[in-house]
Each structure stands twice: as structure tokens, then as C-alpha cells.
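S.K.: Predicted model and sequence below, questions to follow.
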Amino acid sequence: MQFVEAHGARIPQIGLGTMTLKGDVCVQAVKTALQVGYTHLDTAWFYGNEKDVGEGLRQSGIKRENVFICTKVRETHLEPDKFRQSLSESLANLQLPYVDLLLIHWNNKDIPFKTSVGALCQAKKDGFAKHVGVANFTTKMLDDAWAATSEPLVCNQIEMHPFINQDKVLATSKKHGMAVVAYCPIARGKVPGADALERIGKAHGKSAAQVSLRYLVQMGVCAIPRSDKPDHLKANLDVFDFKLADAEMAELKKLNDTNMRVVNPPHAPVWDTP
């Protein structure tokens, strides 16, 4: 496994995304993922599966200290009291005293960064999170959050795959020394079957999904694909034994022009335009 380092955090480059995984399906996916070599789990209070993620961790037999665990606080809970309540519920559900990374899941435009980021930083100071960061932040939001923070923000978790252009937010994240964690790295099933990805995969004896993950890895981005299928879980880890040529990376970069966003809820910010 390779890592991305940012402000003291060491984030495994491939992790398991768990959104929509529930109950025993989630428990078994987490258990299997850890047993085949994953060391990075991503969940959120909003997903309603933190109990299952914690149970999967316990059933795996893998030591807690060998797993990098991220959870998130929703935009509805960014004021200090609600923030503490959400985080307290998350830790109780996971049955853990702390998480490795705690994120603001989505910003709330009605709550100033001094308040929301202040609550995030307090969680770290209180020992409930080793590191803190944000998700779904635009370039301006990143700059404003950094102006308000007392702790380093180690990552920005954003939608990222070959069909979306995130150059601006990538550059701003880099400017602040932040890691970028890509969710929906296989574009919710749009990658398999895409001509360029299938053709490049064939040349390397890999799947289109593995090509998409490798593209992100070579860009220095972490990725958290979601799966509950043991063969896919293993395949998603097997992206460190091949390299895409410069011409292949350039061809995949051109797909950014599609600018297809698969996650865009009503509470999303006004996204940066390419």
C-alpha cells in the first residue's frame, strides 16, 4: 500500500468507501476488505452504518491501530453543541475512543467557518480525532476555512474520476498542503464500459475500474471505491503493480472535459467551474 502524507497524516491511497452499505452486507465488506489488505475505512454519521463498520473492524481481527478510520459530521450539525452530539454518536456507534480523520461532510453556508471549523478543531484538541479535514469544499471555501482554522486541515474529500475536471480545487488543496481523497472514483459505474478505459485496461491486463483508480493514484490522490464483492475489493487494491504511460494519462485527462458530476445534492455549494 502506498500513502499520501499531509500535515502529519499518513493516508493509505486506497480505502473502502461504505456509503449505502448497511447491516451484515457492510459488516462482511469491511471484514473482508481488512483481511485482504485494506488499511483505510471511510464512513459518516449520515450513512447510518457506523455500527456495522465498527463490527466489521472487530470481526476482522485486525488491530485498531493498523487501520486509518475516517468519519464525517453533516452540514446539519456544524454548530458546536450539535457537532459534539454527532461526533459522540459516531464514536459510540463505532465503539472507538477516536477516529484518525474527522471531516466536515458538507459546508453549511449559514454557519460561519469560525464556528464550524472551530468545532472541528475542538474535536481534535479533545482527542476525539487525530486529524481533521473537510469534504466537498470549493477553492474559496478552502481558503476561507484555512483563514479560520487553528489546526491543519489535512484533506479535502471530493468527487473525482476521469470524467470530471477538478484542477482548480486540486491546485488549491495542494497550495494548502492538503491531501485529496476521491469519492466515486469509478463514477458510480460509469467507468466500466467506457472505451478509453477499457482499451487502456486491456493493454495492461487490468479492468477499466483499475485504470481509473491507477489514474488517481498516479495523480497523488487517495481513492475510496465502494464495493461489497470480495473479487472487486481485491481488484481495487491491485493497482500498484502497473503504471500508466504519459500518453495514457493524457488521454484520460482529456475525458475531464465531459465534466460529469454524479453527486450534486441540493445542499451542494456552487462548484468551481473548469
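M.R.: Thanks, I have it.

S.K.: Stretch 133-148: how far from the chain's middle?
M.R.: 16 Å (C-alpha atoms, centre = their mean, to the nearest Å).

S.K.: Then stretch 244-262?
M.R.: Between the centre of stretch 244-262 and the centre of its chain there are 20 Å (C-alpha atoms, centre = their mean).

S.K.: model confidence over that stretch, on average?
M.R.: Stretch 244-262 carries an average pLDDT of 97.

S.K.: what residue lies at the spatial centre of this structure?
M.R.: Centroid check for the chain by C-alpha atoms, centre = their mean gives Val181 as the closest residue, at 4.2 Å.

S.K.: right, and the helix or strand after the helix or strand where that one lies?
M.R.: Taking DSSP states H and E as the definition, one finds Val181 inside strand 179-183. The helix or strand immediately downstream of strand 179-183 is helix 195-204, counting by DSSP H and E.

S.K.: so what does that next one touch, helix or strand wise?
M.R.: helix 208-218, helix 246-254 (3 or more C-beta pairs under 8 Å, 6 or more residues apart in numbering; DSSP states H and E). C-beta here means a position set from N, CA and C on the backbone, and glycine is covered the same way.

S.K.: now these in CSV, with mean neighbour count and distance to Ile200?
M.R.: Shown next, in CSV, are the helices and strands packed on helix 195-204 (neighbours: other C-beta atoms under 10 Å; distance: least, C-beta to C-beta, whole Å):
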stretch, mean neighbour count, distance to Ile200
helix 208-218, 24, 5
helix 246-254, 14, 5
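
S.K.: Compare those and give me the one nearest Gln59.
M.R.: Across these, Gln59 has its closest neighbour in helix 208-218 (25.8 Å, C-beta to C-beta).

S.K.: Return the distance of the residue nearest to the centre of the chain relative to Phe68.
M.R.: To Phe68, Val181 is 11 Å away according to C-beta to C-beta, to the nearest Å.

S.K.: any common contacting residues for the two?
M.R.: 11, 15 (C-beta atoms under 8 Å, 6 or more residues apart in numbering).

S.K.: Show me what counts as buried in stretch 158-168.
M.R.: In terms of neighbour count (16 or more other C-beta atoms under 10 Å), stretch 158-168 has its buried residues at 158-166.

S.K.: Can you point out the buried residues in the helix or strand hosting Ser173?
M.R.: Element membership for Ser173, per DSSP H and E: helix 167-175. Along helix 167-175, these residues count as buried under the neighbour rule (16+ other C-beta under 10 Å): 169-170, 172-173.

S.K.: for that helix, packing partners?
M.R.: In terms of contacts (3+ C-beta pairs under 8 Å, 6+ apart), helix 167-175 is packed against helix 139-148, strand 153-159, strand 179-183.

S.K.: Run the angle between the shortest one and strand 153-159 for me.
M.R.: Counting by axes from the mean of the first three to the mean of the last three C-alpha atoms, to 10 degrees, strand 179-183 lies at 30 degrees to strand 153-159.

S.K.: One more: the first one?
M.R.: Angle of helix 139-148 versus strand 153-159, following the same axes, to 10 degrees, is 160 degrees.

S.K.: what is the rounded mean pLDDT of helix 139-148?
M.R.: On average, helix 139-148 scores 98.

S.K.: Any buried residues in that helix, and which?
M.R.: Within helix 139-148, the residues that qualify as buried are 139, 141-142, 144-146, 148, counting by 16+ other C-beta under 10 Å.

S.K.: Using PDB, write down the CA coordinates of it.
M.R.: C-alpha atoms of helix 139-148 as PDB (Å, rounded to 0.1, in the frame of the first residue of the first chain):
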ATOM      1  CA  THR A 139     -11.400  26.800  -3.800                       C
ATOM      2  CA  LYS A 140     -12.900  29.800  -1.900                       C
ATOM      3  CA  MET A 141     -14.200  27.600   0.900                       C
ATOM      4  CA  LEU A 142     -10.800  26.100   1.300                       C
ATOM      5  CA  ASP A 143      -9.100  29.500   1.600                       C
ATOM      6  CA  ASP A 144     -11.800  30.700   4.000                       C
ATOM      7  CA  ALA A 145     -11.600  27.600   6.100                       C
ATOM      8  CA  TRP A 146      -7.800  27.900   6.400                       C
ATOM      9  CA  ALA A 147      -8.200  31.500   7.500                       C
ATOM     10  CA  ALA A 148     -10.400  30.300  10.300                       C
END
